[in-house]
Every structure is written in C-alpha cells, then in structure tokens.
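*Asks:* structure for this input, please:
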Amino acid sequence: MEKLRHDVVYGYLVLSPTSASQAGYHKHDGRLLDEELEDYSATGIARQKDFYKTMLSRVTSLRSTTKSLSKEDEADLRVIEDGLNAALFDLDGANVPQHNPTMYVELIGTALYLPYVFDYAPKPQRYKAIISRMKLVPKLLDSARANLKDAPEVWNSTARDENDGNIGLIDQTLRKDCPVELKAEFDAAAATTIQSLKSFNEWLNSDLSKRTSDWRLGKQLYARKFRYVLDVGSTPEDTLAAAETEIKRIHLEMEKLAGNKPVKQYLDELAKVHAQPGDFLKTAEINLREATAFVEKKDLVKVPDTTNLKVIETPEFMRGAYGVGGFAAAPVLQPQLQSSLWVTPLSKDPTRAESKLREYNKYGMQHLVVHEAMPGHWLQFQYATAIQPESRRILRGLFSNGPYVEGWAVYTQQLLTDAGYMQPDQGFRMTYYKQMLRVLTNTVLDIRLQTMNMTDDEAVRMMTDDAFQEKEEATLKLQRAKLSSVQLCMYFVGWRGWNEVRSDEEKRQGKAFDLANFHKRALEESGVPLATLPALLAK
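*Replies:* Residues are numbered from 1 along each chain as shown. Presented below is the predicted three-dimensional model:
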C-alpha cells in the first residue's frame, strides 16, 4: 500500500508542477518542479490519462489480492479512487481542456503566484522559478488554443477578466519586487509573456467567443461527477429533496427567533450594521482575533500557533472564483510558510459595494472568518500537516474529500453558534440561519441549474427571496454556479455528514464523549471521505 500511495502522490506531482509548488515539493529526480508548467499538449493530456488509468488498475489489483488492510489504508485507497476518478472525469468525461479557458488562465496565475508568496527559498531562487515559468506560458497558451473547441460565454468572459489579473500580477506585483540582479531577465521574459497573454485574450474575444456551448453538465455527467467528488452514498435527487426539506425547517427557526418582526425586517436591521468601505479587510483581521479567543476560552478544540495566518486581498486572477473571500493554505510539506485568509475588495461601484457590505455586515463577516479560518479551514489545515507518513499527508492534502473539508467549515459555524458566540446579541445566530439557507440553496442551485434547466431569473429569485441574500451576493453566486459544478453541494452534504459522525461518536462513547477530543481526533485524519471517518475514530 505504501508503494501505491507513493507512486500516486509523486507521479501526480510530476505531472502537475503547480500542485507540487502548492504542496511544497520542489525537486524530483533532479528536476526543479517550481520551474516547470503542466503539459496540456495532446501528448501531455494522453500521459495524464494513462497515469490515472494505470493507478486505478493498481487499486483494483490491490483490492483483489489483499485480504486485509488497516482502516487507515482502506481510507487512503478510497481517497485514491475518488481523486483519480475525478481527475480522469475532467479529461475524459467533461473534457475540461476542450471547453474551459479559465482552467489555463487560473493555472498560469497560480503557477506564478506560488513561488512569489511562499518564502521557501531566497528570493532570487524563487524569481528564477517565476521567470522560467513565464517563459513556458506561450507554449501553454498554444496548447490552449489547440485544445479549446468551444466555451460557454460566462467561462470565456471570466477567463478574460482573470487573465487581466495575470497581466497585472506580472506587470505590477512581480515586477515591483524583482531582485535587482534579475531585473533584466525578468523584464525580457515578462514582455513576451504579457504579449502572449494579451494575444490570448484577443483570441478568446474574437475567435473562441464565436463558438459558444452550454455550461450545464446534464444529468448523466453530473451524477458521475457527484459520485467521484462527494462520495457520500446518495444521489443528486435524494440530496436535492433533503436540502429542500431542510430549507423549510430553517425558515421556521428564523421565524421563531425574529419574534413579532418579519424575518426580512430583522435581517435588514442587521445588514445596516457593517464596516466602512475602507475598513473591510481590517474588520476581518479583528474578527479573526475575536474568534480565536472564543474557541480557546470555550475549549472547543486545541488551537495551534496562528502566526503564519495572514489576512490579505484575494489575488486578482482568482477573483472570478472567489468573489467574497477564501482560504489559501501553506504547502502541506512546509506548513510554517504563510497561509492566507483572502478577502476580495469591494467593487468601485458604490451600489455594488454597499450591497456586499450589507451581506457581510458585522455578523456576516464573522461567519466568513469562522468558516475560512478559525476554527474552519485554517485550523483544519494545521491539523492535517501532522499526518504520517509523508505520502499519506500529501495524498489526503492533494485529494481531500470536499464534504469533509467544506462540511467541517459549515459545522464550525454551527459549533460557535451553539456555544454562544456574540451572545446575548442574537445577530450571529440569525445570520447562522441565513448562512444555512445559503448552504442549502447552494445545493438546490447547483443540482437544478446543472441538471434541470433552472433559469437565471429563477436562481436569483430563490437566493434573494427564499434565502434573503443581497443582489450582489446572488449575482456572484450565480456566476460561480456556472463556473463550477458539484462543488456547491459539498457544504450541505458535508455539514450533514459531520453531524452524523459526531452523533455516532456520542452514542458510542456515552458519558466518556469529550467534544474537544472528538474534534482533535477527527481533524487528525484529514480529508477522508466522511463515510470512512467513524471506523477511523473507533480503531
């Protein structure tokens, strides 16, 4: 099993140098992976497919020849199957390289940004890697032109916007900090790279835009991806029905809490209490300190050192996918490097900015910080960095089960609400219910848009009327739903899964159950399908 785990992990990282940089794996058999880019030529794609199929064949062989595996190895095997099947689906099922230009644009931005933001080596060494990758960008974009047959307009327009962010990253951020001794080499590479990026945007606008396609996966493809990515043992139809039933329950809870006021009026009053536009990012920093202090005071889970977590603006090339904010982890092999809580700046349009401030008011921003950082994704990541052996740590980092990851973050919002965060002020609890409506409508939105031809108007009306979202939030979420698929279901199925695991542990341990210890042991498993977690906790 160790040999299979090792071959899957390091074989994948060699095929995906950007993922290697993210994991903190910099050199392989003398190759400097930080200086390489993914190969999306026809040969490169074929090589990826062969690798995934070969490794899946080895999984099948191992299952047929091994009578007994440890619970940890069984969980790893399931992580491998899910991860490889999902990666192969992107190439063979959804044919992402043929239809999605954002894939190439975001890959370029990430590949150049990681050596810049992670201080894993002296700056000149990291800039040499950046320069080497810049020189490979024209070749990658040539492959993109050859591969892309058509694209939904929303993917095309988002790619152009994010590509402008790539140009800004090179021309401003990277250029400004370049070591003096590398400036001439950087400038020469940057000139060629920027021209190739501008040319690619022109091609997207004038050529690929004439060949549009549907962003919907459809029922059959969606069901396959749902199985590989979520691995929760339920169908999209069953999940949709459960989410719509839960929406009704949450509405009743909100009505109880609002008392004599209409729920919308109650939420409107909360929305008025928000930061000033210039304090949006600073508010997140303050909330992070407050949430950390509360988690420690209530002993909800042991909190590691937080000094490597910084609150920064979302990189421009990722703002299409992260309209509000997100979490960017340090390399799993170098957890001492910086992790980032991303906060996306407000729009320059005053109306849109005010709409976002209302959505991420005093309580909404608190929930964002809880979900993305404390005790959500950042805390989860910190525990993941201690897993041994190294191959298991990287495996569960590379192919983390989405419901485990996103479900934990939603579960922590419930956890702090139930522990009395910000009480006696009930704004945090009411906002939790509103956040749960978002989680639930995310699921409804994704399944109905991707498989049942839900219209844009129906989607926005559901988010604004049924889930009380601001228009700006609903507009950004609709765009995200068109840019991705299945991911938006992770929050609900994961939240439900975490609560089921906790309930099972409470029953199994009885009076001996300790909440903080449960969280610690569950987080130490990192990224496994939730169906495997009870056996791991009981081992």
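*Asks:* ends of stretch 254-262, how far apart?
*Replies:* With CA to CA, to the nearest Å applied, stretch 254-262 spans 9 Å between its terminal residues.
*Asks:* and it, what's buried?
*Replies:* Residues 254, 258 are the ones in stretch 254-262 that count as buried (16 or more other CB atoms under 10 Å). Every residue, glycine included, has its C-beta placed from N, CA and C.
*Asks:* any idea how far that stretch is from the chain center?
*Replies:* Mean C-alpha position of stretch 254-262 versus that of the full chain (CA atoms, centre = their mean, to the nearest Å) differs by 34 Å.
*Asks:* so for that stretch, mean pLDDT?
*Replies:* Here stretch 254-262 scores 96 as its mean pLDDT.
*Asks:* just stretch 201-216 next, same as before
*Replies:* Rounded mean pLDDT across stretch 201-216 is 97.
*Asks:* got it, and stretch 532-539?
*Replies:* On average, stretch 532-539 scores 93.
*Asks:* could you export it as CSV, CA atoms only?
*Replies:* What follows is stretch 532-539, C-alpha atoms only, in CSV (Å, rounded to 0.1, in the frame of the first residue of the first chain):
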residue,chain,number,x,y,z
THR,A,532,-14.7,6.2,6.4
LEU,A,533,-14.3,8.5,9.5
PRO,A,534,-16.4,6.5,12.1
ALA,A,535,-14.2,3.4,11.5
LEU,A,536,-11.0,5.6,11.9
LEU,A,537,-12.2,7.1,15.1
ALA,A,538,-13.1,3.7,16.5
LYS,A,539,-9.8,2.0,15.6
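*Asks:* what lies in contact with it?
*Replies:* Contact with stretch 532-539 is made by 70-72, 74-75, 78, 404, 501, 504-505, 508, 518, 521-522, 525, 528, as judged by CB atoms under 8 Å, 6 or more residues apart in numbering.
*Asks:* one more time with 10 Å
*Replies:* Residues outside stretch 532-539 that contact it (CB atoms under 10 Å, 6 or more residues apart in numbering): 70-72, 74-79, 231, 401, 404, 497-498, 500-502, 504-505, 508-509, 518, 521-522, 524-525, 528.
*Asks:* tell me which residues of that stretch are tucked away?
*Replies:* Residues of stretch 532-539 classed as buried: 532, 533, 534, 536, 537 (neighbour count, 16+ other CB under 10 Å).
*Asks:* give me the buried subset of the contacts of stretch 532-539.
*Replies:* 71-72, 74-79, 231, 401, 404, 497-498, 501-502, 505, 518, 522, 525, 528.
*Asks:* so which of those belong to helices?
*Replies:* Members of the buried ones among the contacts of stretch 532-539 lying in helices (criterion: DSSP state H): 71-72, 74-79, 404, 497-498, 501-502, 505, 518, 522.
*Asks:* so residue 231 is in contact with residue 81, correct?
*Replies:* Yes. With contact defined as CB atoms under 10 Å, residue 231 counts as touching residue 81 (8.6 Å).
*Asks:* now do the shared contacts for the two.
*Replies:* Here residue 231 and residue 81 have residue 529 as joint contacts, going by CB under 10 Å, 6+ apart.
*Asks:* packing partners of the strand or helix carrying residue 49?
*Replies:* Residue 49 belongs to helix 42-65 when assigned by DSSP states H and E. Applying 3 or more CB pairs under 10 Å, 6 or more residues apart in numbering; DSSP states H and E, one finds that helix 42-65 contacts helix 2-15, helix 71-88, helix 96-99, helix 123-147.
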